[in-house]
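Asks: what follows is a predicted protein model with its sequence.
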Amino acid sequence: MSLAAIGDFVPRRNVSLKRDGEDFIVVFEAEDIIAFRSKDANTLRKMCRWLRYAITYDYALTDAEQKALAA
């Protein structure tokens, strides 16, 4: 990805998106603190983009991946 494509994006925090039972969580990398919890991983991804958090590790399955596993 070129620098022009990135634009002015400077991540504020590095976070991970993980599964915690039935929920998904956003965890701050350095502190290992749960910041947000939701039933929908896509909502958390959108929120992280809006907050300019860089998702360094995404352990949550997408809806399509979950449906493929259930079939």
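Replies: Nice, thanks for sending it over. Residues are numbered from 1 along each chain as shown.
Asks: using the three-state scheme, assign Ile25.
Replies: With DSSP: H, G, I helix; E, B strand; the rest coil as the basis, Ile25 sits in strand.
Asks: touching, it and Ile34? I think so.
Replies: Yes - if you go by CB atoms under 8 Å, Ile25 and Ile34 touch, sitting 5.0 Å apart. Heads up, the C-betas are built off the backbone N, CA and C, glycines and all.
Asks: which one of these two has more residues nearby?
Replies: Comparing Ile25 with Ile34 by other CB atoms under 10 Å, the one with more neighbours is Ile25, at 20 against 13.
Asks: if I look at the more buried one, what pLDDT would I see?
Replies: Ile25 carries a pLDDT value of 94.
Asks: what's across from it in the sheet?
Replies: Under DSSP bridges, the beta-bridge partners of Ile25 are Lys18, Arg37.
Asks: quick one: contacts for it?
Replies: By CB atoms under 8 Å, 6 or more residues apart in numbering, Ile25 lies in contact with Leu17, Lys18, Arg19, Ile34, Ala35, Phe36, Arg37, Leu44.
Asks: what's the neighbour count on the spatially closest residue to the third one that is not a sequence neighbour?
Replies: Residue nearest to Arg19 in three dimensions, not counting chain neighbours: Ala60, with 5.6 Å by CB to CB, 6 or more residues apart in numbering. Here the count is done by other CB under 10 Å, and Ala60 has 21 residues near it.
Asks: ok, Ala60 touching Phe24?
Replies: Yes - with contact defined as CB under 8 Å, Ala60 counts as touching Phe24 (5.0 Å).
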